[in-house]
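Novice: Provided below for reference: sequence and predicted model.
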Amino acid sequence: MTTITQDMRFRLSLIRYAEKHGVTKAARKYKTNRQYIYRWKNRYDGTWDSLRDRSRRPHHHPDQHTDQELKLIRDMRRRNPHAGLVVFWVKLRQRGYSRSITGLWRVLKRLQCLPVKPANPKYIPKPYEQMTHPGQRVQIDVKHVPAACIVGDAECPVRTIRRLENGETKRPQLETVVRLCVALSLRWRLGEALLVRCGWVLRAGVYEDEVLRYVLEHCTDMALAEVRALLQGWGIYLL
C-alpha cells in the first residue's frame, strides 16, 4: 500500500514536535497521552510504512478449521474441481465435515479453491444439405383444435378430416371439400389432390366446376365469407 493517510501525517508531525520540544509538550499540544507518543516513536524507523496501522486480525481462534479439515477440503476440491458450492458442501458433509456453508465459502476463498468453470464445448457446425429443387423439403406445422372450440362452418371440415384420417368410405360433399381447401388455404395442387382423395373431379366445360377451379387456384388466401360472397355474385350458392 502506498497511500499516505491523515493519521500517518498526524503521527509524523507528532513525533517531530516531540523530538524538538519534548514528549510532555507534544502531548499537551496534540491532546494525547505520552504513552501514545512513545509507542509511535519506538515504531518509527524513518519510513511511512512504520506509521501505518497494523492488522488487528487474530492469529487464531478456537473455532477455526483444523488441519484435517483443510486437508479434506483441498483433496475434495482436487477431485471435484467443477463442483459448485452447495454440491461441494454436501460431498464434504458425507465425509464428516460439520462446518456451515458460509464458513466453507470463506475457507475456499482464502485457499483459492473456488470452483473452476469448465470451458464451453467447441461449436462444430453441422453440414448443410443443399436442396436441388423447390419443395424438396417442406415443414408443416399442425395445430390440434378441440371440438369444443369449433363452432359454425368449421365443424364440417373438421369432421371431413377425421373421416379421411379414419379411412371411412363415405364420400364427403363437394361443398365441404371446397370449404376445407379454402379454410386451410391450400394451393391448387394440394386442393386438387384432396378432391381426388375425396372422390371428386372438376370437369372441364361445366360452369360450376370451372368457377370452383378458379376459386381453388386464385382465392384460397381469402376468408371463407369473402369466397362465399364471390360465388354468390357468380350465381353459385355452394358455400
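Specialist: Good, I have the coordinates.

Novice: in terms of helix, strand or coil, where does the residue most central in space within the chain fall?
Specialist: For the chain, residue 120 is the residue whose C-alpha lies nearest the centre (CA atoms, centre = their mean; 15.5 Å). Following DSSP: H, G, I helix; E, B strand; the rest coil, we place residue 120 in the coil state.

Novice: report the separation between it and residue 216.
Specialist: In this view, residue 120 and residue 216 are 52 Å apart by CB to CB, to the nearest Å. All C-beta atoms are positioned from the backbone trio N, CA, C, and that covers glycine.

Novice: and if you look at residue 83?
Specialist: For residue 83, the distance to residue 216 - CB to CB - is 64 Å.

Novice: so which of the two has more stuff around it?
Specialist: Per other CB atoms under 10 Å, whichever of residue 83 and residue 216 has more neighbours is residue 216, with 24 against 17.

Novice: quick one, phi/psi of the residue nearest to the centre of the chain?
Specialist: As for residue 120, its main-chain torsions (degrees, to the nearest 10) stand at phi -70, psi 140.

Novice: and the next element down the chain from the host helix or strand of residue 77?
Specialist: Element membership for residue 77 (DSSP states H and E) is helix 67-79. Using DSSP H and E, the helix or strand that follows helix 67-79 in sequence is helix 85-93.

Novice: after that next one, which helix or strand is next?
Specialist: Downstream of helix 85-93, the next assigned helix or strand under DSSP H and E is helix 101-111.

Novice: tell me what that next one is packed against?
Specialist: The helices and strands touching helix 101-111, judged by 3 or more CB pairs under 8 Å, 6 or more residues apart in numbering; DSSP states H and E, are helix 67-79, helix 85-93.

Novice: which of these sits closest to residue 99?
Specialist: Across these, residue 99 has its closest neighbour in helix 67-79 (7.1 Å, CB to CB).

Novice: which helices and strands sit right next to that closest one?
Specialist: Secondary-structure packing of helix 67-79 (3+ CB pairs under 8 Å, 6+ apart): helix 85-93, helix 101-111.

Novice: just the mean pLDDT for that helix, thanks.
Specialist: Across helix 67-79, pLDDT averages out at 93.

Novice: quick one: residues in contact with it.
Specialist: 65, 88, 91-92, 95-97, 99, 104, 107-108, 111, 113 (CB atoms under 8 Å, 6 or more residues apart in numbering).

Novice: highest neighbour count among those?
Specialist: residue 88 (24 neighbours).

Novice: what about the residue nearest to that residue when sequence neighbours are not counted, neighbour count?
Specialist: Using CB to CB, 6 or more residues apart in numbering and skipping residues adjacent in sequence, the residue nearest residue 88 is residue 80, 6.1 Å away. By other CB under 10 Å, 14 other residues sit near residue 80.

Novice: do you know how far residue 80 is from residue 138?
Specialist: Distance, residue 80 to residue 138, using CB to CB: 49 Å.

Novice: just residue 180 next, same as before
Specialist: Taken as CB to CB, the span from residue 180 to residue 138 is 19 Å.

Novice: just residue 225 next, same as before
Specialist: Residue 225 is 29 Å from residue 138, by CB to CB.

Novice: and what of residue 172?
Specialist: Residue 172 sits 25 Å away from residue 138, taking CB to CB as the criterion.

Novice: out of the two, which sits in the more crowded spot?
Specialist: More neighbours surround residue 172 than the other of residue 172 and residue 138, with 22 against 6 (other CB under 10 Å).
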